[in-house]
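Chemist: Return atomic coordinates for the entry below.
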Amino acid sequence: MLEGFEKKRIIVSGAEIHLEIGGNGPPLLLLHGYPQTHVMWHKVAPELAKRFTVVLPDLRGYGDSSKPVSVDNHSTYSKRAMAADQVEVMSQLGFDKYSVVGHDRGARVAHRMVRDHPARINKIAVLDIAPTASMYGQTDKAFATAYYHWFFLIQPFDLPERLIGADPEFYITYKLKAWCKTPGAISDPALKEYIRCFSDPLVIHASCEDYRAAASIDLEHDQAERHEKIDHPLLVLWGALGFVGATYDVLNTWREVASNVQGHSVPGGHFLPEEAPDDTLKALLKFL
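Modeler: Just a heads-up that it's a prediction; the model follows:
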């Protein structure tokens, strides 16, 4: 799906990361979200590759990257661990400084990257999220209803794993349809790839661990830095028809944790690079 991109596998300290890389120019790291893979960037990555060296990894636990065995405090799937993976990946590719764009879970990893490794990051863009601590801190009926998976996936092993694993194709198709507000935006080849990867019981478990970490150790890390603002240029994009934009004052929520924030909505729902690729690409190119 990514013609002209080269597949690679890179061994880092805690995992083996599968990625595709292509293009020329300044390095740009694109991080996918749940329940997808790096393929979610297929509508925008080729155009970005005309101006940047684009790196498209699968996060640890997702896609064709390895699925490390978790530990009791879920730190294996903390955003800190995932961020460290990507810093090592970029270093091994020869890039010491770069910009990073993340969607959904990938945006939370990008947020942690700029906190833990600020010298590595030029600019950061986050797509269709508010900060994790802010979202948990404002939990109400509307949030719990729309984002029920945040509370379902954190249940103890192996309740969610068994329920999702009974019919992973139904589960992932249902989730994608619910969050996507643009009919036909998720192409059949992309959907088949998401289903292929998410049908692996190890991916199901790892994704649950990702959310368990978000509700525990990730919040501890965020709490320790609650008074420290990010000063890197930060672009925030969100879907005009999605839950995040309808629920939060997105820019001001991000200004609580960052001092140099800009952004706006784009048409569609949660999956910006697939639902509104032209608008997303235009915004990213202008910012980057």
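Chemist: if I've got this straight, residue 101 is in a strand?
Modeler: Yes - checked against DSSP: H, G, I helix; E, B strand; the rest coil, residue 101 lies within a strand.
Chemist: List the contacts of it.
Modeler: Going by C-beta atoms under 8 Å, 6 or more residues apart in numbering, residue 101 touches 28, 29, 30, 31, 110, 124, 125, 126, 127, 284. C-beta: built from backbone N, CA, C; applies to glycine.
Chemist: Which residue ranges of the stretch 51-200 of the chain form helices?
Modeler: Listed from the start of the chain, the stretch 51-200 of the chain has helices (DSSP state H, counting those that start in this stretch) covering 79-92, 105-116, 132-137, 141-146, 148-152, 159-165, 168-179, 188-198.
Chemist: Which strands or helices does the shortest one pack on?
Modeler: Other helices and strands packing on helix 148-152, by 3 or more C-beta pairs under 8 Å, 6 or more residues apart in numbering; DSSP states H and E, are helix 201-214.
Chemist: Tell me how many other residues surround the spatially closest residue to residue 13 that is not a sequence neighbour.
Modeler: The shortest distance from residue 13 to any residue that is not its chain neighbour, by C-beta to C-beta, 6 or more residues apart in numbering, is 6.3 Å, and that residue is residue 88. Residues lying near residue 88 (other C-beta atoms under 10 Å) number 17.
Chemist: Contacts only, for residue 88.
Modeler: Counting by C-beta under 8 Å, 6+ apart, residue 88 touches 10, 12, 13.
Chemist: picking that back up, just curious, which of the contacts of residue 101 is nearest to residue 76?
Modeler: Distance from residue 76 was checked for each of those by C-beta to C-beta. The minimum falls on residue 31, at 17.7 Å.
Chemist: Next one: residue 190 from residue 77, what distance?
Modeler: 24 Å (C-beta to C-beta, to the nearest Å).
Chemist: More neighbours: which of these two?
Modeler: For residue 190 versus residue 77, the count of surrounding residues by other C-beta under 10 Å is larger for residue 77: 28 against 20.
Chemist: Compute the distance between the residue most central in space within the chain and residue 47, please.
Modeler: When the chain is reduced to its mean C-alpha position, the closest residue under C-alpha atoms, centre = their mean turns out to be residue 106, at 1.8 Å. Distance of residue 106 to residue 47, computed by C-beta to C-beta: 19 Å.
Chemist: Equivalent analysis for residue 168, please.
Modeler: The span separating residue 168 from residue 47 equals 32 Å under the rule C-beta to C-beta.
Chemist: Kindly report the same for residue 137.
Modeler: Following C-beta to C-beta, the distance that separates residue 137 from residue 47 is 37 Å.
Chemist: Between these two, which is the more surrounded one?
Modeler: residue 47 (16 against 9).
Chemist: and the more buried one, what is it in contact with?
Modeler: For residue 47, the set of contacting residues under the criterion of C-beta under 8 Å, 6+ apart consists of residue 281.
Chemist: What does the pLDDT read for residue 32?
Modeler: Residue 32 is assigned a pLDDT of 98 by the prediction.
Chemist: follow-up on the earlier one: of all the contacts of residue 101, which comes closest to residue 224?
Modeler: When those are compared for distance to residue 224 (C-beta to C-beta), residue 110 wins out at 18.6 Å.
Chemist: List the contacts of the closest residue to that closest one other than its chain neighbours.
Modeler: Setting aside the residues directly before and after it, residue 110 is nearest to residue 102 in space (C-beta to C-beta, 6+ apart), at 3.5 Å. Contacts for residue 102 (C-beta under 8 Å, 6+ apart) come out as 30, 31, 33, 108, 109, 110, 111, 124, 125, 126, 127.
Chemist: do residue 106 as well
Modeler: Contacts here follow C-beta under 8 Å, 6+ apart; on that basis residue 106 touches 30, 31, 32, 33, 59.
Chemist: In this structure the first one contacts residue 43, no?
Modeler: No - using C-beta atoms under 8 Å as the test, residue 30 is too far from residue 43 to be in contact (11.8 Å).
Chemist: can you pull up the bridge partners for the nearest residue to residue 49 once chain neighbours are set aside?
Modeler: Here the nearest residue to residue 49 in space, its sequence neighbours aside, is residue 23; by C-beta to C-beta, 6+ apart that works out to 2.8 Å. With DSSP bridges applied, residue 23 shows beta-bridge pairing to residue 53.
Chemist: and residue 23, how many neighbours?
Modeler: A count of neighbours around residue 23, defined by other C-beta under 10 Å, yields 20.
Chemist: what mean pLDDT does stretch 89-99 have?
Modeler: When pLDDT is averaged along stretch 89-99, the result is 98.
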